[in-house]
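In: Below are the sequence and a predicted model for it; my questions follow.
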Amino acid sequence: MLVTADGLPGTAAPGVPAPPAGLVVLGRYDESPGYFINRPQGSDSWLFTWTVAGTGQLRHGSATTRAGAGDLVALAPGSPHGYGVAPDAPHWRFWWVHCQARPSWLPWLRPYDRGAGLYVVTPTPTGLRDRVEAAFHRMHASPDGRIAVAHDTVARELALCALEEVVLLTAGGARRRPPTPGLDPRVARVQELLAADPGAPHTVDSLAAHVSLSPSRLAHLFTRQVGQSPMRALREARLRHAARLLEATDLPVERVATASGFVSPFHFHRVFRERFGMPPGAYRSGGPMVEA
């Protein structure tokens, strides 16, 4: 179960070692200027930080980065690291998690490698940030904001599942294609919405409301400029999202279908085979086939 870590300090202090690698330890801090943690020996576990507000500054080996609201930063084990409030920032409010990362997360993090095992996933679309925050809250069972520790196997797996959701949402949502020249900004915005959260219950009506168009006008404009209807583009986005989940996670096929917005597993199997020429299980066995 998740419990508060009464034996640990409420705020990490310089020289305090990282938590043991076998645990999932997490917390939420809001720190003032002058706060900085230096670990010259690094850590045996991964460190993930998610910035809610303010600005942080993180160093890992020879690589450094700043982290603003909506940025996920991951520090791999084995290198000296440090982190704290950026020198010019009034504060840094952030979630942090120490754990052993699942190997299936690495393909999602790799495009954001800044060198020396520092991964900076940015920008996360604004529309996904509430879901990321909710995932962190599910990991954290301490209403007063203290550190929480997942001690037993079930608690660790549940916490890692929530953190996996964070990694997938941020890494998948931050992948943006360059805008097509001459594309209407409202059509481009709809494409962004579909790419950022393909599993959401989008409809032509809901998409049209986001860009202040009538459903019929959006459908006509989108089809003319993109070459396919909004719902056809949504199905393609969902299928590509499902393919990435099959490549990068061990989720059962039924959960992949649900996470990608398909209500019926039978429909998912049929359209996936039509799109990729093989059923989802065979696709997973064949290795990555979809571009990032």
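Out: The structure has been received and is ready for your questions.
In: Can you show me the helices along the stretch 151-292 of the chain?
Out: Under the criterion DSSP state H, counting those that start in this stretch, helices of the stretch 151-292 of the chain are mapped to 153-173, 185-196, 204-210, 215-226, 230-248, 253-259, 265-276, 280-286.
In: now these in a markdown table, with mean pLDDT and mean neighbour count?
Out: Heads up, the C-betas are built off the backbone N, CA and C, glycines and all. Below are these laid out as a markdown table (pLDDT from 0 to 100; neighbours: other CB atoms under 10 Å):
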| stretch | mean pLDDT | mean neighbour count |
| --- | --- | --- |
| helix 153-173 | 88 | 20 |
| helix 185-196 | 89 | 19 |
| helix 204-210 | 95 | 16 |
| helix 215-226 | 94 | 16 |
| helix 230-248 | 89 | 21 |
| helix 253-259 | 92 | 18 |
| helix 265-276 | 91 | 16 |
| helix 280-286 | 83 | 15 |
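In: To residue 103, which of those lies closest?
Out: With CB to CB as the criterion, residue 103 lies closest to helix 230-248 of the helices of the stretch 151-292 of the chain, at 9.6 Å.
In: Mind giving me the packing neighbours of the closest one?
Out: For helix 230-248, the packing partners by 3 or more CB pairs under 8 Å, 6 or more residues apart in numbering; DSSP states H and E come out as helix 106-109, helix 153-173, helix 185-196, helix 204-210, helix 215-226, helix 253-259, helix 265-276, helix 280-286.
In: Format the ones you listed as CSV; extra columns: distance to residue 131.
Out: Shown next, in CSV, are these (distance: least, CB to CB, whole Å):
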stretch, distance to residue 131
helix 106-109, 16
helix 153-173, 6
helix 185-196, 10
helix 204-210, 16
helix 215-226, 24
helix 253-259, 12
helix 265-276, 21
helix 280-286, 24
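In: which one of the ones you listed lies closest to residue 95?
Out: helix 153-173 (8.9 Å).
In: how far off helix 185-196 does the closest one point, in degrees?
Out: Angle of helix 153-173 versus helix 185-196, following axes from the mean of the first three to the mean of the last three CA atoms, to 10 degrees, is 150 degrees.
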